[in-house]
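K.L.:
Sharing a model prediction with you, sequence too.
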Amino acid sequence: MWWTKMWKSGIRWQRLSKAPLISLLILCFFGAVALSGCSLQGGMVHARVLERQDEPEGEQENSAGQLSVTYLDVGQGNGILVQCDDQTMLIDGGPRESSSFVVSYLNQMGIQKLDYILISHFDEDHLAGAVGALYNFSVDTLLTPDYETDTAIYDSYTEAAEENGCEAVHPSLRDTFSLGSGSFQIISPVSYGHEDENQDSIGIIIKNGSDRFFIGGDIGLEGEQEILESGMDIQADVMLMNHHGSHVSREFFQAVDPSWAVISCGENNSYGHPRQDTVELLQEFQVPLFRTDKQGTITAVSKGQGITFDQAPCNDYTPGENTLGEEEENLEETRENLSNSTRESCDYILNIHTKKIHLPDCSSVKSMNEDNMAFYKGDQNTLLAQGYSLCGNCMR
């Protein structure tokens, strides 16, 4: 049975920004240039960036096609498939253990190529399944945040993108891309350089007629505040709760003002997702809730003037249980055992989370969480014997 709920109040609509005539002429020129593959050539981006005049509200609704957003059950992670008309976008892809499921699901849906892969950020629980998709499907446009990291899964991603013939496009705030008769707009990050790379997640609003979907990756309170201060319109009908149901500010949640909420998290995960304060906020505002850990894969369908789901909301507002305390204690013990020097006099800086060995002046160290650093003086072979590996950037 399809579960249907219409608007809480009237029709919600966000018009695309106006573009000067010269911008339209430039776009026409670039549109006439034949580009193939997923690449940047001479600085030209092969991506369908929209810059079009406002349309009357009725015309925009009438031109809306059918758009579906499928929240894949990838366990503790995010993976979303968006389809509109004959175009398809994969947003993230879940952790390693779900990569084969994501590829299999795309095959079952008869998908032969992806118009977009959007990677919100480079954490393994978002990136690994997207790597599998890069190896198995041709991709027109690869969208990623503009930073690098020093993890093994990031190395796998760069290899997969190279084999696919893709060079990543780093979108800017307010960029809008076409997806069939729908579109999606970039709402984050407002800026880069956060100590917590989750705050550098690409967030988007998907639009189809009057219907809007919010997907924000793993942004937290810092990223949320920057979005609010930017003045972006983030109101949406369906909100994928940030960071698997982690903390969300009341102000940000009210700015989105969703009619439905979705939480993508793993059953009995050790992170305590969703958090108690988050589910209490959803209960307080009486927002119907869907959860992949309780319901599996969930699909929402928009025809431009209302959204339906393939199942009823579970409305299970039970919080998760955080069991990471013991793991954090073990991490602290590892850091103390390995730090036999200071930052100023060490031979190597270790990332004890990713088990990478860096030279002190490595660019990757600048974005490393200090809680994951150990300062080591001595023979690197001792570290290699303990399972550490050399950074691919500074120690090639």
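P.N.:
Good, I have the coordinates. Since this is a predicted model, take the numbers as computed values, not measurements. Numbers count the residues shown, from 1 in each chain.

K.L.:
The stretch 251-396 of the chain: strands as residue ranges?
P.N.:
260-263, 289-291, 298-302, 307-309, 348-351, 356-358, 373-376, 389-390 (DSSP state E, counting those that start in this stretch).

K.L.:
okay if I get those strands as a markdown table plus mean pLDDT and distance to Ser201?
P.N.:
The way it works is simple: take the backbone N, C-alpha and C, and place the C-beta from them, glycine included. Shown next, in a markdown table, are these (pLDDT from 0 to 100; distance: least, Cβ to Cβ, whole Å):
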| stretch | mean pLDDT | distance to Ser201 |
| --- | --- | --- |
| strand 260-263 | 98 | 16 |
| strand 289-291 | 98 | 21 |
| strand 298-302 | 98 | 21 |
| strand 307-309 | 98 | 24 |
| strand 348-351 | 92 | 20 |
| strand 356-358 | 90 | 22 |
| strand 373-376 | 91 | 23 |
| strand 389-390 | 89 | 26 |
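
K.L.:
Those into CSV, with extra columns for distance to Pro95 and mean neighbour count?
P.N.:
Shown next, in CSV, are those (distance: least, Cβ to Cβ, whole Å; neighbours: other Cβ atoms under 10 Å):
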stretch, distance to Pro95, mean neighbour count
strand 260-263, 16, 25
strand 289-291, 17, 24
strand 298-302, 18, 21
strand 307-309, 25, 20
strand 348-351, 19, 24
strand 356-358, 19, 24
strand 373-376, 25, 20
strand 389-390, 20, 16
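
K.L.:
Nearest to Gln87 among the ones you listed would be which one?
P.N.:
The closest of these to Gln87 is strand 298-302. By Cβ to Cβ, the value is 14.3 Å.

K.L.:
Hmm, Val301 is touching Ile307, no?
P.N.:
Yes - the pair Val301 / Ile307 is scored as a contact, 6.9 Å apart, by Cβ atoms under 8 Å.

K.L.:
how about Ser246, what does it touch?
P.N.:
Asp218, Gly220, Tyr271, His273, Pro274, Arg275, Thr278 (Cβ atoms under 8 Å, 6 or more residues apart in numbering).

K.L.:
on that earlier part again, tabulate the strands of the stretch 251-396 of the chain (JSON lines), appending distance to Gly193.
P.N.:
JSON lines is the format used below for the strands of the stretch 251-396 of the chain (distance: least, Cβ to Cβ, whole Å):
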{"stretch": "strand 260-263", "distance to Gly193": "29"}
{"stretch": "strand 289-291", "distance to Gly193": "33"}
{"stretch": "strand 298-302", "distance to Gly193": "34"}
{"stretch": "strand 307-309", "distance to Gly193": "36"}
{"stretch": "strand 348-351", "distance to Gly193": "18"}
{"stretch": "strand 356-358", "distance to Gly193": "19"}
{"stretch": "strand 373-376", "distance to Gly193": "18"}
{"stretch": "strand 389-390", "distance to Gly193": "26"}
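
K.L.:
Quick one: closest of these to Asp86.
P.N.:
Of all the strands of the stretch 251-396 of the chain, strand 298-302 comes closest under Cβ to Cβ, at 16.0 Å.

K.L.:
now what about the closest one, what contacts it?
P.N.:
64, 66-71, 73, 182, 208-209, 211, 213, 238, 260, 262, 290, 292, 307-311.

K.L.:
Which ones among those map onto helices?
P.N.:
Judged by DSSP state H, the contacts of strand 298-302 include Thr292 as members of helices.

K.L.:
rewinding a little: dump the contacts of Ser246 into a markdown table; add pLDDT, neighbour count and distance to Gly129 as well.
P.N.:
Formatted as a markdown table, those follow (pLDDT from 0 to 100; neighbours: other Cβ atoms under 10 Å; distance: Cβ to Cβ, whole Å):
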| residue | pLDDT | neighbour count | distance to Gly129 |
| --- | --- | --- | --- |
| Asp218 | 97 | 23 | 15 |
| Gly220 | 93 | 19 | 22 |
| Tyr271 | 89 | 19 | 18 |
| His273 | 95 | 23 | 18 |
| Pro274 | 97 | 30 | 21 |
| Arg275 | 94 | 20 | 24 |
| Thr278 | 96 | 24 | 24 |
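
K.L.:
Out of those, which is nearest to Asp115?
P.N.:
Closest to Asp115, out of all of the contacts of Ser246 and judged by Cβ to Cβ, is Asp218, at 23.9 Å.

K.L.:
contacting residues around the closest one?
P.N.:
Ser120, His121, Asp123, His126, Asn198, Ser201, Asn242, His243, His244, Ser246.

K.L.:
Check the offset of stretch 156-175 from the chain's centre.
P.N.:
Once both centres are worked out by Cα atoms, centre = their mean, to the nearest Å, stretch 156-175 turns out to sit 13 Å from its chain's centre.

K.L.:
Please point out which parts of that stretch sit buried.
P.N.:
Across stretch 156-175, burial judged by 16 or more other Cβ atoms under 10 Å covers Ser156, Tyr157, Ala160, Ala161, Asn164, Cys166, Ala168, Val169, Pro171, Leu173, Asp175.

K.L.:
tell me how far the ends of that stretch are from each other?
P.N.:
For stretch 156-175, the first-to-last residue distance is 28 Å (Cα to Cα, to the nearest Å).

K.L.:
same check, this time on stretch 89-102
P.N.:
13 Å.

K.L.:
Run through who's touching it.
P.N.:
For stretch 89-102, the external contacting residues (Cβ under 8 Å, 6+ apart) are 72, 74-83, 106, 114-120, 124-133, 153, 179, 184, 204, 215, 217.
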